[in-house]
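> What follows is a predicted protein model with its sequence.
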Amino acid sequence: MPTLDDDVAQVLISKQQLADRIHELGQQISLDYAGQDLLLVCVLKGAVLFLADLMRQITIPHAVDFMAISSYGASTESSGVVRILKDLDTNIAGRNVLIVEDIIDTGRTLAYITQNLHTRHPKSVRICTLLSKPSRRELEIGLDYVGFVIPNKFVIGYGLDFAEIYRSLPYIGVLKKEKYQC
Ligand code: IMP
Ligand code: MG
């Protein structure tokens, strides 16, 4: 029976590498926010697996909330015009917000989210992204925690999708070229 793994050209970041790095990020975040309030804001859907593993590596008390965003535009490229599909349940005024994102590509989505959250008067807003593709950046974004810097390749797995599939792969992989074209 064909499996999702058959569509992967290359494993870029293994399951073990993900676990090791997320453990380090969790330790760093626990140190940085020790004794302080902390609210993790997960951007649906791609960051769900990352959030689930990261929060189990954070050893200090923290809350979580979710936001869903859609970007408009005809192409598969991020248009930068963003709409909130699901807003936070939490009032973030006076809170330390840590945005948990799967990948920063052009930076447009995150620029919108951070701008939007700042209007709600949080105490602080920082960003924790599993992946960053700096070669694609269009807007300068200050990233506080970065799991891995990756080359300009379309990646799938560990929450990241192509046409909503492949999120369940336990590693980050590069999708085979022929899969884009069909
Ligand atoms: P940005 O606004 O260009 O930074 O786009 C970020 C969003 O595009 C991410 O949250 C992902 O949903 C999506 N994206 C960008 N690059 C990839 C990729 O390589 N694989 C899967 N999704 C991606
Ligand atoms: Mg995303």
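On my side now, so go ahead. Ligands and ions are numbered 1, 2, ... in the order given.
> going forward, measure contacts between C-alpha atoms and count neighbours the same way
Noted.
> which regions of this structure sit below the pLDDT cut-off?
In the predicted model, the chain carries pLDDT under 70 at residues 72-80, 181-182.
> Spell out, range by range, the helices that occur in it.
15-32, 48-55, 108-118, 177-181 (DSSP state H).
> Show me what counts as buried in the shortest one.
When you say that, I think you mean helix 177-181. Buried residues in helix 177-181, counted by 16 or more other C-alpha atoms under 10 Å: none are found.
> right, is that helix up against ligand 1?
No. Residues of helix 177-181 contacting ligand 1 under C-alpha under 6 Å from any ligand atom: none, with a closest distance of 11.7 Å.
> residues touching the residue nearest to residue 57 when sequence neighbours are not counted, list them.
Of all residues not flanking residue 57 in the chain, residue 26 sits nearest, at 4.6 Å (C-alpha to C-alpha, 6 or more residues apart in numbering). Contacts for residue 26 (C-alpha atoms under 8 Å, 6 or more residues apart in numbering) come out as 54-59.
> Closest to ligand 1 out of those?
residue 54 (17.1 Å; C-alpha to the nearest ligand atom).
> Could you verify my assumption that the closest one touches residue 27?
No. Residue 54 lies out of contact with residue 27 (C-alpha atoms under 8 Å); the separation is 9.6 Å.
> quick one: the strands in the chain?
Along the chain, the stretches classed as strands by DSSP state E are 8-13, 39-44, 63-71, 82-86, 96-104, 124-132, 145-149, 155-156, 172-175.
> So for residue 117, which of those sits nearest?
strand 124-132 (7.8 Å; C-alpha to C-alpha).
> Quick one: neighbours of residue 30, just the number.
19 (other C-alpha atoms under 10 Å).
> how near is it to residue 20?
16 Å (C-alpha to C-alpha, to the nearest Å).
> With residue 7 instead?
Distance from residue 7 to residue 20, by C-alpha to C-alpha: 25 Å.
> Same drill for those two, tell me which one is more crowded.
For residue 7 versus residue 20, the count of surrounding residues by other C-alpha under 10 Å is larger for residue 7: 16 against 12.
> show me the residues around the nearest residue to that one once chain neighbours are set aside that make contact.
Using C-alpha to C-alpha, 6+ apart and skipping residues adjacent in sequence, the residue nearest residue 7 is residue 176, 5.6 Å away. Each residue near residue 176 by C-alpha under 8 Å, 6+ apart is listed here: 7-9.
> My guess is residue 44 contacts residue 65. True?
No. Judged on C-alpha under 8 Å, residue 44 makes no contact with residue 65 at a distance of 10.1 Å.
> what's the closest of the strands of the chain to residue 163?
So among the strands of the chain, strand 155-156 is nearest, using C-alpha to C-alpha, at 10.2 Å.
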